[in-house]
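In: The following block contains a protein sequence and its predicted model.
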Amino acid sequence: MTEPSGLLLVVDDEEMNRDMLSRRLQIEGYEALTAASGAIALDMIAAHDFDAILLDAMMPVMSGAEVLTDIRKTRSAIELPVLMVTARSQSEDMVQAFETGANDYITKPINFPVAMARIQCHVASKKMAARLRESEMRYSLSAQGANDGLWDWDLVTNRLHLSDRWKSMLGFGPDEISDDPQEWFLRIHPDDVAHVRAAIAAHRAGETAQFESEHRMLHRDQSYRWFLSRGMAIRDAGGRETRMAGSQTDITRGKAADPLTGLPNRVLFMDHLAATVQAAKTQPASFYAVLFIDLDRFKVINDSLGHLAGDELLVTVAHRLESCLRQTDVVAHAHDRCTVSRFGGDEFVILLKGMASAGNAALVADRILEVLAQPLQLQGHEVGVSGSIGIAVGSAGLESADDLLRDADTAMYQAKTAGKSQWSLFDQTMRKQALQRLELEADLLKGIERGEFQIHYQPIVEMPSKQIRGFEALLRWNHPTRGLISPLDFIPIAEEIGFIVDLGAWVLEQACRQTRKWQLQYPEHASLFISVNVSAKQFASPSLVDHVQECLRVTGLDGRHLKLEITESAIMIDTQMAAARLEQLRSLGATISLDDFGTGYSSLSYLQSFKIDNLKIDRSFISQLGNSAESEEIVRTIINLAHNLGMEVTAEGIEGITQHSQLNEMACESAQGYHYSRPLKNVDAEALLQQSPKASEAAPVPCVELQPAAVSSCSTVGLQST
C-alpha cells in the first residue's frame, strides 16, 4: 500500500464541509481526520502528529482564531502548519489569524487545485523542517553555538587549517578549500589586503595584544561579504611565534544592511548584482532578473499616519517579501537564488538568479503583488498597500549592473503609469519614453501659467427625460507641440511629482466659477450642479476642506451645487480620516459621489459607515448591458443597494439607446455618456444650455471632432487617481 502523503486534520463545525474536504484530501493521497469543534481538535492534536491543520475560521463556541491561539502555545508555525479556511469577505479575520500564527489561508468556495498546491507546499515544508531538526540534533555538541568560522595557522609549516564553518561562510564545502594560506589572502578584497597583512605583522611583532581586522571577503557567488577576523599568536620558549589561531565573524548585516528592515542595502545589492552579471558571462543558458518595487501611495500613508506608521509599513513589507520568496535570512543566504534589498524610502529591489526561463520573473512578480495586496493594521488603522514592479531580465551579453538596475527602474515607472499594482517588463522603447517623461514633467509644471489646461464639460442627464442636471468637469491639456495629451498620460505624473493638489485646486475653482456664471446667465438652470473629481492625494491633503470652502466663497457657488467624486481607493487608505473628511465636506453642502463603484473594494460595510450621497457605476459594467446577463444583474443589484441605503445612482459610459432604456427601467436617476453628449468646451456646453429643456431632450448633441485616440482615452478621465 502506498504511504499517505501526510496526516491532515480538517476542523469544521459543518459536517458537509468536513466530509467534502476530507474525501478530496484522501483522493489526493492524504490521510485525513476530522473534528467538529475546536475542543475536539485540540484533543486530537495532542494525540497525533499531524502534518497540517485545515481550520475553519468561523465556528461557534470556540472560533478558529481561539483554536489557533491555543495551538501556537505549544506548536510553532514551522512545527505544525495551520491553514485557515474562510470566506472571501473575512479579510480582517485573516489579518488577525496571520498575526496569531496562521501559515496560510484557503477561501470558500474552495478552488481545489490551488488549495491542494498550498497544502502540499506547507506539508513538504513541515517535513523538511522536521528532517532538518533531526539532522541538527545529531550534529556534534562541540559545534553547537559556534557560529563563527575558526582558523589555525601553523607558521612553521605555513599550513592553514580552516573549519567547515569558515568555509561555508564563503559558500564552500569542507573539501573545496585547501590548507594553503593563500586561500585566505587571495579572497580578501584588493583594497583591504594591505591593512590585513599590516595588522597580522603588527601582532606578530608584539605591537598589539590581539590581531583584529574588519575586511571584505569574496564569496563563492562572486559578491563580497564583510568579516571580522580576530586571533592571537602562540610563541615557543624562545619567544618565536609558531602559530596563530582565531575566529572569523560575518558582520555583513551591520556593515551593509538597511538599519530599519535588516535587508541588504543598495551598496551590498549592487555588489552582488555586479558579481552576478560577471558570472553570467560564462553561463549563456542562465537567466537572471532584477525586480524594482515601489510602493503605491506610500507618501499618502506616511503623511496621514506619521513616520512611525510609515516605518512599520516598510518593515511589514520587508517581512512579506522575505516570506514570499521563502528567504529567512537574506544576507546570510546571499548565495541562494534570490536577494531582497531595500534601497531607501519605499523602494525594494530583488535579484533572481538561475532562472531557466525569463518568464519566471513574471510569476514571482505576480506572487509579490498578491502578497502585498493583503490589508494590514497600522496603529489601529486598516491600510491597503500595493506596489508597482519593474522587471529587467539579464543574460550573458549584459555588460553593466547599473544598466540593468536603470532598466528595471524605468519599467517600474511604466507600471505606475499603466495603473499601479502591476508589473511591467522592460523593453528598449521604455528608455526613449523615460526621456520623454522627464520633458513632460517639466512642461506639466508650467501648464497652468502658460494657460495650456482646459476644462471640458460632459452633461449629466436626468432619467428618463434626458434633461441636463449638471456637468462633470474633465481636465484636458493642450500641449504646444504635442497637441491634446490624454489625462491617462499626465494625471499619474502630476500625482507622482506632487503637482496634482495644485492642479486639482485650479480645476475646482475654474469649474465652480463657470457653473455659477451659467446659473446667473440662465435662470432656468439655477439648480445646475458641477461634478469635480478629487484625487487620492487631494483627498488626503489636510487643506482640502478649507480650499473647498474658500472656493465656494470666492465663486459664489452654493455648496449644494457641487458634487465631489472620490474613488473607493482614496477612501480606503485611511478609513477613519476619510469618514471625518467626508463629514466636513458634506457640512459645506457638497454632495459626495463614490466614483467607479464596482472596480475597487466594493465593501458593503463602508457604504453603511461613510456618508455617501451618490454611487457612480463604472463604465466597464455599463458597456456590457445588452450583451451580458451577468453585467445586467450586477448593475441592477448596485442600483437596488444604493436605493436601499438612501443613495442616488449615476451611470457613466452610456453609448446607446438600449443601455439608456435598461437603466431607466432599473430606476437609475442620472447618466452620462456619448449617447447624450461627448465632453464639450465651455462655449459648446453653453450653447447646449441655451436650448430649452425640451430641446435638450430631443436628440443627442453633435460634438466637436477629436482625434479618435484622444476621444476614447479622454472622455471620462478627470483628476482621479490612477
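Out: Structure received.
In: What ranges does the stretch 1-150 of the chain have for its helices?
Out: For the stretch 1-150 of the chain, the helices defined by DSSP state H, counting those that start in this stretch cover 15-27, 38-47, 64-74, 91-100, 112-138.
In: Mind listing what's buried along the first one?
Out: It stands for helix 15-27. Buried positions in helix 15-27, judged by neighbour count with 16 or more other Cβ atoms under 10 Å: Asn17, Arg18, Leu21, Ser22, Arg24, Leu25. C-betas here are computed from N, CA, C, even on glycine.
In: ditto for the second one
Out: Along helix 38-47, the positions that meet the burial threshold by neighbour count (16+ other Cβ under 10 Å) are Gly38, Ala41, Leu42, Met44, Ile45.
In: Where does the prediction get shaky in the stretch 251-400 of the chain?
Out: The model of the stretch 251-400 of the chain has pLDDT under 70 over residues 284-285, 326-338, 396-399.
In: oh, I was asking about the stretch 501-650 of the chain
Out: Residues of the stretch 501-650 of the chain meeting the criterion pLDDT under 70: 598-606.
In: ok, 50 please
Out: Nowhere does the stretch 501-650 of the chain drop to pLDDT under 50.
In: Show me the strands in it, by range?
Out: Assigned by DSSP state E, counting those that start in this stretch, the strands in the stretch 501-650 of the chain fall at 529-534, 562-567, 591-597, 614-617, 648-652.
In: Quick check: which of those is nearest to Met84?
Out: strand 591-597 (29.5 Å; Cβ to Cβ).
In: can you state the direction angle for that closest one and strand 562-567?
Out: Strand 591-597 and strand 562-567 are oriented at 30 degrees to each other (axes from the mean of the first three to the mean of the last three Cα atoms, to 10 degrees).
In: Run through who's touching strand 591-597.
Out: For strand 591-597, contacts defined as Cβ atoms under 8 Å, 6 or more residues apart in numbering pick out 529, 531, 533, 560, 562-568, 571, 582, 585-586, 607, 611-618, 638, 650, 720.
In: how far out from the middle of the chain is it?
Out: Centroid displacement of strand 591-597 relative to its chain, using Cα atoms, centre = their mean, to the nearest Å, is 24 Å.
In: Can you give the strand pairings for that strand, parallel or anti for each?
Out: strand 562-567 (parallel), strand 614-617 (parallel) (DSSP bridges).
In: Please produce JSON lines containing those, extended by distance to Lys446 and mean neighbour count.
Out: Shown next, in JSON lines, are the strands paired with strand 591-597 (distance: least, Cβ to Cβ, whole Å; neighbours: other Cβ atoms under 10 Å):
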{"stretch": "strand 562-567", "distance to Lys446": "27", "mean neighbour count": "24"}
{"stretch": "strand 614-617", "distance to Lys446": "32", "mean neighbour count": "24"}
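In: Figure out which of these is closest to Asp180.
Out: The nearest among those, by Cβ to Cβ, is strand 562-567 at 66.4 Å.
In: if we can go back for a sec, nearest to Ala199, out of the helices of the stretch 1-150 of the chain?
Out: That would be helix 112-138 among the helices of the stretch 1-150 of the chain, by Cβ to Cβ, at 35.1 Å.
In: Could you check the angle the closest one makes with helix 15-27?
Out: For helix 112-138 against helix 15-27, the angle by the same axes, to 10 degrees is 60 degrees.
In: Flag every buried residue along helix 112-138.
Out: Of the residues in helix 112-138, those buried by neighbour count under the rule 16+ other Cβ under 10 Å are Phe112, Ala115, Met116, Arg118, Ile119, Gln120, His122, Val123, Ser125, Lys126.
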